[in-house]
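Enquirer: Structure here, sequence nowhere to be found:
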């Protein structure tokens, strides 16, 4: 079908790929992939992700994959999380230490999750990958540092997928 349309099969994908530990070169472009490993723990406004999405100079692709979690597993994780947070709050309070705001918010979050599960809403597991692309390795280093800083402004932590940039790049297509 492609040949009938005048497109050669070699034009369907990359012609050359060279994977290194800290990047992958696909045809003439260098790529570095990051995994969003930590999300904000504080309440955020509607524009919290704007710097990463709009304040950029280079080329990047953001991919989000969401998978529903089995309701039984959600309940099990919720119970485990609840026990951990409750014991942390109780331990600090019994010794006269100040209970951090993060722990109180985590308790509120667990209660909210419990209500959502009881109402029939599903919980999701998700994976977010950020692929940064540039023409040269030096430009890729600069762009990568810029995106790490922008992610930090959003409250995100990104980790490079060293040794796996080729597989991660394919997942961002």
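Expert: Thanks, I have it. None of the values given here were measured: they were computed from a predicted structure.
Enquirer: what helix or strand does residue 106 sit in?
Expert: Element membership for residue 106, per DSSP states H and E: helix 101-118.
Enquirer: now that helix, how far from the chain's geometric center?
Expert: Put simply, helix 101-118 sits 21 Å off its chain's centre (Cα atoms, centre = their mean, to the nearest Å).
Enquirer: Packing partners of it?
Expert: helix 71-94 (3 or more Cβ pairs under 8 Å, 6 or more residues apart in numbering; DSSP states H and E). (Each C-beta comes from the backbone N, C-alpha and C, glycine too.)
Enquirer: Next secondary structure after the helix holding residue 106?
Expert: Toward the C-terminus, helix 101-118 is succeeded by strand 124-134 as the next helix or strand (DSSP H and E).
Enquirer: which residues sit against that following strand?
Expert: 29-36, 52, 58-69, 140, 142-144, 147, 151, 158, 161, 168-169, 171-172 (Cβ atoms under 8 Å, 6 or more residues apart in numbering).
Enquirer: circling back to that earlier point, mind listing what's buried in the helix holding residue 106?
Expert: Residues 103, 106, 107, 110, 113, 114, 117 are the ones in helix 101-118 that count as buried (16 or more other Cβ atoms under 10 Å).
Enquirer: relative to helix 71-94, how tilted is that helix?
Expert: Relative orientation of helix 101-118 and helix 71-94, computed by axes from the mean of the first three to the mean of the last three Cα atoms, to 10 degrees: 150 degrees.
Enquirer: Does the helix or strand bottoming out on mean pLDDT in the chain pack against any helices or strands, and if so which?
Expert: Counting by mean pLDDT, DSSP states H and E, the chain has its least confident helix or strand at helix 50-54, which shows a mean of 86. Secondary structure elements in contact with helix 50-54, counted by 3+ Cβ pairs under 8 Å, 6+ apart, are helix 137-153.
Enquirer: The helix or strand following the helix it packs on: partners in the sheet, and parallel or antiparallel?
Expert: Following helix 137-153 in sequence order, the next helix or strand is strand 157-160 (DSSP H and E). Sheet pairing of strand 157-160 (DSSP bridges) gives strand 29-38 (antiparallel).
Enquirer: Go ahead and measure how far the partner strand is from the middle of the chain.
Expert: Counting by Cα atoms, centre = their mean, strand 29-38 comes out at 9 Å from the chain centroid.
Enquirer: and it, which residues are buried?
Expert: Using 16+ other Cβ under 10 Å as the test for burial, strand 29-38 gives 30, 31, 32, 33, 34, 36.
Enquirer: For residue 162, give me the backbone phi and psi.
Expert: Here the main-chain torsion angles of residue 162 (degrees, to the nearest 10) amount to phi -60, psi 140.
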